[in-house]
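*Asks:* please work out how this folds:
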Amino acid sequence: MNRIRTATTITALGLVAAALAGCATAAASPSQSTPAADAGPSVDELRLGYFANVTHAPALVGLQEGILQKDLGDVKVSTQVFNAGPAAIEALTAGAIDATYIGPNPSINTFIQSAGQSARVIAGAATGGAALVVADDITSADDLKGTTLA
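*Replies:* Below you'll find the model as predicted:
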(Lines give C-alpha, C1' and ligand atoms only; values in the text may rest on other atoms or scores of the structure.)
Protein backbone atom coordinates (compact mmCIF):
# COMPACT_ATOMS: atom_id res chain seq x y z
CA MET A 1 0.00 0.00 0.00
CA ASN A 2 2.88 2.40 0.81
CA ARG A 3 4.40 1.77 -2.63
CA ILE A 4 1.13 2.72 -4.29
CA ARG A 5 0.89 5.91 -2.22
CA THR A 6 4.52 6.77 -2.96
CA ALA A 7 4.06 6.18 -6.68
CA THR A 8 0.86 8.21 -6.68
CA THR A 9 2.52 11.05 -4.79
CA ILE A 10 5.53 11.12 -7.09
CA THR A 11 3.29 11.04 -10.15
CA ALA A 12 1.15 13.87 -8.77
CA LEU A 13 4.23 15.94 -7.98
CA GLY A 14 5.55 15.41 -11.48
CA LEU A 15 2.24 16.49 -12.98
CA VAL A 16 2.09 19.54 -10.73
CA ALA A 17 5.66 20.51 -11.64
CA ALA A 18 4.89 20.15 -15.33
CA ALA A 19 1.70 22.15 -14.90
CA LEU A 20 3.53 24.87 -12.96
CA ALA A 21 6.15 25.05 -15.68
CA GLY A 22 3.37 25.57 -18.19
CA CYS A 23 1.76 28.18 -15.98
CA ALA A 24 5.04 30.01 -15.53
CA THR A 25 5.68 29.98 -19.26
CA ALA A 26 2.18 31.22 -20.02
CA ALA A 27 2.57 34.04 -17.49
CA ALA A 28 5.78 35.33 -19.03
CA SER A 29 5.71 38.47 -21.10
CA PRO A 30 6.34 37.89 -24.80
CA SER A 31 9.87 38.54 -25.99
CA GLN A 32 11.22 39.59 -29.35
CA SER A 33 10.91 37.04 -32.12
CA THR A 34 13.91 34.74 -32.16
CA PRO A 35 14.10 31.04 -32.90
CA ALA A 36 13.90 30.34 -29.15
CA ALA A 37 11.00 32.76 -28.74
CA ASP A 38 9.11 31.08 -31.56
CA ALA A 39 8.92 27.98 -29.37
CA GLY A 40 7.07 30.08 -26.77
CA PRO A 41 7.89 32.66 -24.11
CA SER A 42 10.35 31.80 -21.37
CA VAL A 43 10.73 32.91 -17.77
CA ASP A 44 13.65 33.16 -15.41
CA GLU A 45 11.70 32.75 -12.18
CA LEU A 46 8.55 31.09 -10.82
CA ARG A 47 7.17 32.79 -7.71
CA LEU A 48 5.30 30.00 -5.92
CA GLY A 49 2.98 30.24 -2.93
CA TYR A 50 2.06 27.42 -0.54
CA PHE A 51 1.09 26.70 3.06
CA ALA A 52 3.73 25.30 5.43
CA ASN A 53 1.49 22.53 6.74
CA VAL A 54 0.57 18.94 6.00
CA THR A 55 -2.29 19.91 3.70
CA HIS A 56 0.34 21.18 1.27
CA ALA A 57 2.56 18.11 1.42
CA PRO A 58 3.01 18.00 -2.39
CA ALA A 59 4.54 21.49 -2.29
CA LEU A 60 6.65 20.73 0.77
CA VAL A 61 8.00 17.47 -0.65
CA GLY A 62 8.45 18.90 -4.14
CA LEU A 63 10.50 21.79 -2.78
CA GLN A 64 12.42 19.86 -0.10
CA GLU A 65 13.39 17.01 -2.43
CA GLY A 66 14.21 19.34 -5.33
CA ILE A 67 11.59 17.73 -7.57
CA LEU A 68 10.06 21.03 -8.68
CA GLN A 69 13.45 22.60 -9.36
CA LYS A 70 14.60 19.55 -11.32
CA ASP A 71 11.50 19.59 -13.51
CA LEU A 72 11.65 23.36 -14.02
CA GLY A 73 15.29 23.26 -15.13
CA ASP A 74 16.92 26.69 -15.24
CA VAL A 75 13.82 28.49 -13.95
CA LYS A 76 14.55 29.84 -10.46
CA VAL A 77 11.88 28.88 -7.92
CA SER A 78 11.22 31.46 -5.21
CA THR A 79 8.60 30.74 -2.59
CA GLN A 80 6.25 32.57 -0.29
CA VAL A 81 4.48 30.89 2.61
CA PHE A 82 0.87 31.82 3.35
CA ASN A 83 -1.31 31.10 6.38
CA ALA A 84 -4.65 31.17 4.59
CA GLY A 85 -6.19 30.89 1.15
CA PRO A 86 -7.47 34.47 0.90
CA ALA A 87 -3.95 35.85 1.42
CA ALA A 88 -2.56 33.57 -1.29
CA ILE A 89 -5.35 34.56 -3.70
CA GLU A 90 -4.73 38.23 -2.92
CA ALA A 91 -1.03 37.83 -3.76
CA LEU A 92 -1.86 35.93 -6.95
CA THR A 93 -4.38 38.53 -8.07
CA ALA A 94 -1.96 41.37 -7.27
CA GLY A 95 0.80 39.70 -9.29
CA ALA A 96 3.07 39.14 -6.27
CA ILE A 97 3.21 35.40 -7.06
CA ASP A 98 2.78 33.46 -10.29
CA ALA A 99 1.17 30.28 -8.93
CA THR A 100 0.05 28.84 -5.63
CA TYR A 101 -1.00 25.60 -4.05
CA ILE A 102 -4.42 26.36 -2.62
CA GLY A 103 -7.53 24.60 -1.44
CA PRO A 104 -10.76 24.29 -3.37
CA ASN A 105 -12.79 26.96 -1.56
CA PRO A 106 -10.50 29.95 -2.23
CA SER A 107 -10.03 28.70 -5.79
CA ILE A 108 -13.76 28.53 -6.41
CA ASN A 109 -14.39 31.87 -4.69
CA THR A 110 -11.85 33.79 -6.77
CA PHE A 111 -13.00 32.10 -9.96
CA ILE A 112 -16.64 33.05 -9.31
CA GLN A 113 -15.92 36.58 -8.07
CA SER A 114 -13.75 37.37 -11.09
CA ALA A 115 -15.92 35.59 -13.68
CA GLY A 116 -13.01 33.25 -14.37
CA GLN A 117 -10.46 36.02 -14.96
CA SER A 118 -8.50 36.04 -11.69
CA ALA A 119 -7.11 32.52 -11.59
CA ARG A 120 -7.01 29.26 -13.46
CA VAL A 121 -6.90 25.82 -11.84
CA ILE A 122 -4.31 23.84 -13.78
CA ALA A 123 -3.92 20.66 -11.73
CA GLY A 124 -4.98 18.84 -8.62
CA ALA A 125 -2.14 18.17 -6.21
CA ALA A 126 -3.82 16.06 -3.53
CA THR A 127 -6.88 13.89 -3.21
CA GLY A 128 -8.96 13.12 -0.16
CA GLY A 129 -7.99 16.27 1.74
CA ALA A 130 -6.15 16.25 5.03
CA ALA A 131 -6.73 13.86 7.89
CA LEU A 132 -6.19 14.05 11.62
CA VAL A 133 -4.31 10.99 12.82
CA VAL A 134 -4.99 10.10 16.43
CA ALA A 135 -4.19 7.41 18.99
CA ASP A 136 -6.19 4.17 18.94
CA ASP A 137 -8.17 5.11 22.06
CA ILE A 138 -9.65 8.22 20.41
CA THR A 139 -12.80 7.18 18.58
CA SER A 140 -14.68 10.47 18.06
CA ALA A 141 -14.27 14.23 18.12
CA ASP A 142 -15.85 14.22 21.60
CA ASP A 143 -12.73 12.42 22.88
CA LEU A 144 -10.71 15.51 21.98
CA LYS A 145 -12.83 17.95 23.99
CA GLY A 146 -10.64 20.16 26.16
CA THR A 147 -7.38 19.17 24.48
CA THR A 148 -4.99 21.27 22.48
CA LEU A 149 -4.03 20.15 18.99
CA ALA A 150 -0.68 21.10 17.51
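*Asks:* contact partners for residue 76?
*Replies:* The contact partners of residue 76, taken as C-beta atoms under 8 Å, 6 or more residues apart in numbering, are 44, 45, 46. (C-beta placed from N, C-alpha, C; glycine too.)
*Asks:* so it bridges to which residues?
*Replies:* residue 45 (DSSP bridges).
*Asks:* next SSE downstream of the host helix or strand of residue 87?
*Replies:* Element membership for residue 87, per DSSP states H and E: helix 85-94. Downstream of helix 85-94, the next assigned helix or strand under DSSP H and E is strand 99-100.
*Asks:* following that next one, which helix or strand shows up next?
*Replies:* helix 104-113.
*Asks:* how about residue 147, secondary structure?
*Replies:* coil (DSSP: H, G, I helix; E, B strand; the rest coil).
*Asks:* and it, how many neighbours?
*Replies:* Using other C-beta atoms under 10 Å, residue 147 has 7 neighbouring residues.
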